[in-house]
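1. Got a predicted structure plus its sequence, pasted below:
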Amino acid sequence: MKRTTLTQFLIEQQRKEQALPAQLRLLIEIVARACKAISHTVNKGALGGYLGSLGTENVQGEVQKKLDVLANEILIEANEWGGHLAAMASEEMDTIHRIPNRYPKGEYLLVYDPIDGSSNIDVDLSVGTIFSVLHAPEDSSGRDVREEDFLQPGTRQVAAGYAIYGPQTLLVLSVGTGVFEFTLDREMGSWVMSDERLTVPEGQKEFAINMSNYRHWAPPMRRYVDECLAGKNGPRGVNFNMRWTGSMVADIHRILKRGGVFMYPWDDRKPDMPGKLRLMYEANPMGYLMEQAGGMAVAGHERILDVAPSKLHQRVSVIMGSRDEVEVIAAYHRDAASSQQTA
Ligand code: AHG
Ligand code: MN
Ligand code: MN
């Protein structure tokens, strides 16, 4: 069977869909190549001395794994010379990384989570890389890019994707014309298309949430999960299954392929924070992919891609997956909000 490579796909997108300016095509090729290098280091694990923590803390207040920092460096080195970016930002860097003056600057901003699911690295469970692409603001071409240039709502993304380092190494991406999946052919070193125009199936009864936080959730979240647990004899009249991998990339990939819903909602452990996951390089790119695949992504009942960012590392409540299930959860949040207003 003739297989389409990532390069062929991107050239066809450029030709057919006019969706792909040359600089954006270069950006995606370079990020995809960097993900091959990250996959190589993840796969070597202990043999490469890549496991374990550095003992340092990142801006999130989380202990950094060696691979968090290495993957971040791989993405910086791969991207800063190409002339396609104005600046980069990452979960592992306090503030933005401007392109050094010795290199030409481009029109895009790349924001990414170099290793998602870090807690799984040392126990050989799937981890991934998540990336989101924005345009640098028009008025930024004559000046240094600033952090606030990144603070654009998810609807302004021009591309997004993730790599997942699991039993296979996959690259899943969209440039606004649907979601496409590529599998890394290690012998040839090329990304080969293995699925196209992914659509999130509906009618699937599988939810993903960290149940240990149950007592901390808001009522509408507990209402939804209670009904899932009540199964056939409960209000939903059907039994549900549950999965939680601790890697957003792995849970979201499963949902893109076989449906279901992923939730990391607000909880009262840190009531002033809207949730654990980060808007710019976890919720927005994954929300973009979900919507491109016919799914839905909300923060309670607001569309995630409409959230106006105020800080680079801001967090957000995340509920995304099959449209039918997310609509149920969003409705419960709207009901709770309106009954609070009338109370
Ligand atoms: P990261 O490793 O980039 O910090 O992301 C981990 C995130 C996400 O991937 C996952 O869904 C979630 O943290 C798991 O959180 P819990 O360990 O609280 O379940
Ligand atoms: Mn992450
Ligand atoms: Mn991470």
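-> That came through fine. Ligands and ions are numbered 1, 2, ... in the order given.
2. How about the residues of the chain by ligand 3?
-> Within the chain, the residues that sit near ligand 3 (C-beta under 5 Å from the ion) are 91, 113, 115, 116. Every residue, glycine included, has its C-beta placed from N, CA and C.
3. Closest one to ligand 2 out of those, please.
-> When the residues of the chain next to ligand 3 are ranked by distance to ligand 2 (C-beta to the ion), residue 116 comes first, at 3.4 Å.
4. Please list all residues in contact with the closest one.
-> Residues in contact with residue 116 (C-beta atoms under 8 Å, 6 or more residues apart in numbering) are 127, 128, 129, 130, 162, 247, 248, 249, 282.
5. want to throw those into a markdown table with secondary structure and neighbour count?
-> Below are the contacts of residue 116 laid out as a markdown table (DSSP: H, G, I helix; E, B strand; the rest coil; neighbours: other C-beta atoms under 10 Å):
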| residue | secondary structure | neighbour count |
| --- | --- | --- |
| 127 | strand | 29 |
| 128 | strand | 29 |
| 129 | strand | 27 |
| 130 | strand | 28 |
| 162 | strand | 27 |
| 247 | coil | 23 |
| 248 | helix | 26 |
| 249 | helix | 27 |
| 282 | helix | 26 |
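6. Please dump those into a markdown table; it should also carry distance to residue 266 for every row.
-> Output for the contacts of residue 116, formatted as a markdown table (distance: C-beta to C-beta, whole Å):
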| residue | distance to residue 266 |
| --- | --- |
| 127 | 25 |
| 128 | 24 |
| 129 | 26 |
| 130 | 21 |
| 162 | 24 |
| 247 | 21 |
| 248 | 16 |
| 249 | 22 |
| 282 | 15 |
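7. okay, these in JSON lines with distance to residue 224 and pLDDT next?
-> Shown next, in JSON lines, are the contacts of residue 116 (distance: C-beta to C-beta, whole Å; pLDDT from 0 to 100):
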{"residue": "127", "distance to residue 224": "28", "pLDDT": "98"}
{"residue": "128", "distance to residue 224": "26", "pLDDT": "98"}
{"residue": "129", "distance to residue 224": "30", "pLDDT": "98"}
{"residue": "130", "distance to residue 224": "25", "pLDDT": "99"}
{"residue": "162", "distance to residue 224": "26", "pLDDT": "99"}
{"residue": "247", "distance to residue 224": "22", "pLDDT": "98"}
{"residue": "248", "distance to residue 224": "19", "pLDDT": "98"}
{"residue": "249", "distance to residue 224": "23", "pLDDT": "98"}
{"residue": "282", "distance to residue 224": "21", "pLDDT": "98"}
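8. In strands only, show me the residues of the chain next to ligand 3.
-> 113, 115, 116 (DSSP state E).
9. thought the first one was touching residue 127?
-> No: with contacts counted by C-beta atoms under 8 Å, residue 113 stays clear of residue 127, the gap being 10.1 Å.
10. Residue 261: how many residues sit nearby?
-> By other C-beta atoms under 10 Å, 28 other residues sit near residue 261.
11. Who's the closest spatial neighbour of it, skipping the chain neighbours?
-> residue 321 (3.7 Å; C-beta to C-beta, 6 or more residues apart in numbering).
12. ditto for residue 126
-> residue 166 (3.5 Å).
13. pLDDT at the one you found, what is it?
-> On pLDDT, residue 166 comes in at 97.
14. Make 525 the starting number, not 1.
-> Done: numbering now begins at 525, and the last item shifts to residue 690.
15. Could you check how far it is from residue 773?
-> 9 Å (C-beta to C-beta, to the nearest Å).
16. Where do the helices of the stretch 525-674 of the chain begin and end?
-> Secondary structure of the stretch 525-674 of the chain (DSSP state H, counting those that start in this stretch): helices located at 530-536, 546-568, 590-603.
17. Would you confirm that residue 629 contacts residue 605?
-> No: Residue 629 lies out of contact with residue 605 (C-beta under 8 Å); the separation is 11.2 Å.
18. neighbour count winner among the two?
-> Using other C-beta under 10 Å as the criterion, residue 629 and residue 605 rank with residue 629 on top: 20 against 14.
19. where do the contact lists of residue 690 and residue 773 overlap?
-> Counting by C-beta under 8 Å, 6+ apart, the shared contacts of residue 690 and residue 773 are residue 650.
20. Distance-wise, check residue 627 relative to residue 646.
-> Counting by C-beta to C-beta - residue 627 and residue 646 are separated by 35 Å.
21. who's more crowded, the two?
-> Shown here are residue 627 and residue 646; by other C-beta under 10 Å, residue 646 has more neighbours (16 against 13).
22. Kindly provide the distance from that one to residue 775.
-> Using C-beta to C-beta, residue 646 is found at 19 Å from residue 775.
23. who in the stretch 725-867 of the chain is up against ligand 1?
-> 734, 770, 771, 772, 788, 800 (C-beta under 6 Å from any ligand atom).
24. burial of the residue lying closest to the last one once chain neighbours are set aside, as a residue count?
-> Translated: residue 800. Leaving aside its sequence neighbours, residue 800 sits nearest to residue 788 (C-beta to C-beta, 6+ apart; 5.5 Å). Residues near residue 788, counting by other C-beta under 10 Å, number 23.
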